[in-house]
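Participant: whatever this is, show me its structure:
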Amino acid sequence: MKRKIFYCCLVGVGVFVILIAASILNRNEAASVSVVSERMLYPGGQTVGVKMDVRGVLIVGLEEIENKDGENVNPGLLSGLQIGDMILEINGTEVYRAEEVQKLVNEIQESVILKIKRNSEIMTVKIQPVETQENVYKLGIWIKDKTAGIGTLTYYDPIDSSFGALGHGIMDPETGAILSVDTGLLLESQVKEIKEGTNGEPGEICGIFYHSDQPLGSLYKNCEFGVFGDAYEPIQNSIYKQPISVASREEVNTGKAFILCTLSNNEVTRYDILIEKIDSKDSDSNKSMIIKVIDEELINECGGIVQGMSGSPIIQDGKLVGAVTHVLVNDPTRGYGIFIENMLDAKE
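Facilitator: As a prediction, the model looks like this:
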């Protein structure tokens, strides 16, 4: 945002001189603001591991329980619980781990009140645990509290040591729910295998975490526009020793560009693409553009875009314009990208 400028003038100074001086200062100030306000980021491209403890406990399944009388009962279904619900409290006690749920239910034994989050709504559900023939009390739900995966770093911001990756949220594969971060780490990762993508079958980068005792940073947010966190040390790649400018949505054009990602050589490499279509009107989307891989080396190695390349920075005309987010299942040479502005707007 441009700063307002106030000029103080001595009595008796000619108006003409004042106007000329103000004009010059305004031009100089505009040029200064333009340079100072231009955002500069280090592009990523490194394959990274994401380990995340989920805030609350996510319900990923409902099941029938055989009670002590040999009858099959589904208490979760009867109480109105749904797959994708997040359990936040049991009888007023906050829960963060799956084992905490089972421990509390066994201690209470009687009907319990669950405080849950369903999409963006907070509600309470009363449920009667079932006593099994082993004298264990169960709710008939499958739950999880941890997740991990491989993706690609999009950027590192030297101003506040923050980073963004993936360009889309980490979702539970069974429920489709975006997982809320309790704690999480960004880890170094090595590519061990690449499964080539074909029409109808997305490919995949298979990697392993290493130096897990020396994480790259911590996570504080997971949303539909990516994962965000704070880096412990500066993160740079071998291609960019200096940060580059961030492009606005209006600066992104159809035409040639390139992405940065890491494949079997475990080095950040540049691969040519085309930006085929742009949707600059939808600012709340991680599918802001359609891209096509034209780099023969990338096509030969993995067929185009594969899972694990999400977050690969897109660079055009020397500026960071966005990141890869999805592959088109029926054409692995094509996929979606998100505007970098959308990621940056979502990081706070």
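Participant: what is the residue nearest the centre of the chain paired to in the beta sheet?
Facilitator: Centroid-nearest residue in the chain, with Cα atoms, centre = their mean: residue 226, separated by 1.7 Å. Residue 226 has the following beta-bridge partners by DSSP bridges: residue 223.
Participant: need the helices for the stretch 151-300 of the chain, in chain order.
Facilitator: Shown for the stretch 151-300 of the chain, the helices assigned by DSSP state H, counting those that start in this stretch span residues 296-302.
Participant: where does it have low pLDDT?
Facilitator: 174, 282-284 (pLDDT under 70).
Participant: that one: strands as residue ranges?
Facilitator: Remark: strands assigned in the stretch 151-300 of the chain by DSSP state E, counting those that start in this stretch are 162-165, 181-195, 204-210, 217-223, 226-231, 244-245, 255-262, 268-278, 289-293.
Participant: residue 71: which of those is closest?
Facilitator: Closest to residue 71 of those is strand 181-195 (Cβ to Cβ; 36.8 Å). For glycine as for every other residue, the C-beta is placed from the backbone atoms N, C-alpha and C.
Participant: TSV for the strands of the stretch 151-300 of the chain, including distance to residue 120?
Facilitator: Formatted as TSV, the strands of the stretch 151-300 of the chain follow (distance: least, Cβ to Cβ, whole Å):
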stretch	distance to residue 120
strand 162-165	23
strand 181-195	16
strand 204-210	31
strand 217-223	12
strand 226-231	19
strand 244-245	35
strand 255-262	33
strand 268-278	30
strand 289-293	28
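Participant: deepest-packed of those, please.
Facilitator: strand 162-165 (a mean of 25; mean count of other Cβ atoms under 10 Å).
Participant: other SSEs contacting it?
Facilitator: Packing contacts for strand 162-165, counted by 3 or more Cβ pairs under 8 Å, 6 or more residues apart in numbering; DSSP states H and E, involve strand 141-157, strand 226-231.
Participant: quick one: the longest one to chain centroid distance?
Facilitator: Taking the mean C-alpha point of strand 141-157 and that of its whole chain, the gap between them comes to 8 Å (Cα atoms, centre = their mean, to the nearest Å).
Participant: for it, packing partners?
Facilitator: By 3+ Cβ pairs under 8 Å, 6+ apart, strand 141-157 packs against strand 40-43, strand 47-62, helix 98-108, strand 162-165, strand 204-210, strand 226-231, strand 319-328, helix 340-346.
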